[in-house]
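Trainee: dropping a prediction and its sequence here:
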Amino acid sequence: MKKDIHPSNYRLVVFKDMSNEETFLCKSTADTKDTIEYEGTEYPLIKMEISSTSHPFYTGKTKLVDTAGRVDKFMNKYKKFAK
């Protein structure tokens, strides 16, 4: 392998899914000022909105989308233009 190909800030980082509080350790170069204690050691913390532990594709759970409410809202808004 070639020497010095990784950036100097390539280090272990804890990623935290904010929707379900799941955390995992991985290497990253992402900048952050937050830290967290993970398994007895302090690491930089990257907060995420969604990960494989909360994404509907990976979990098999789907979210109910209020399409009927959207259609009703649209119809009420534009019913004055109907013939």
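Mentor: The structure has been received and is ready for your questions. What you see is a predicted model; the values in this text were computed from it and never measured.
Trainee: these two touch, right, Val14 and Ile46?
Mentor: Yes. Using Cβ atoms under 8 Å as the test, Val14 is close enough to Ile46 to be in contact (7.2 Å). Every residue, glycine included, has its C-beta placed from N, CA and C.
Trainee: the more surrounded of these two?
Mentor: Between Val14 and Ile46, counted using other Cβ atoms under 10 Å, Val14 has the larger neighbour count: 23 against 16.
Trainee: residues in contact with Thr29?
Mentor: The contact partners of Thr29, by Cβ atoms under 8 Å, 6 or more residues apart in numbering, come to Pro7, Asn9, Tyr10, Arg11.
Trainee: who wins on neighbours among the residues you listed?
Mentor: When neighbours are taken as other Cβ under 10 Å, the top entry among those is Arg11 (13 neighbours).
Trainee: so that residue bridges to which residues?
Mentor: Per DSSP bridges, the residues bridged to Arg11 are Ser28.
Trainee: and the gap between it and Tyr43?
Mentor: 8 Å (Cβ to Cβ, to the nearest Å).
Trainee: which element is Phe15 on?
Mentor: Per DSSP states H and E, Phe15 falls inside strand 11-17.
Trainee: what does that strand contact?
Mentor: By Cβ under 8 Å, 6+ apart, the list of residues contacting strand 11-17 reads 22-30, 32, 36, 38, 43-51, 53-54.
Trainee: with stretch 33-53 instead?
Mentor: Outside stretch 33-53, the residues touching it (Cβ under 8 Å, 6+ apart) are 11-20, 22-25, 28, 30, 32, 58-59.
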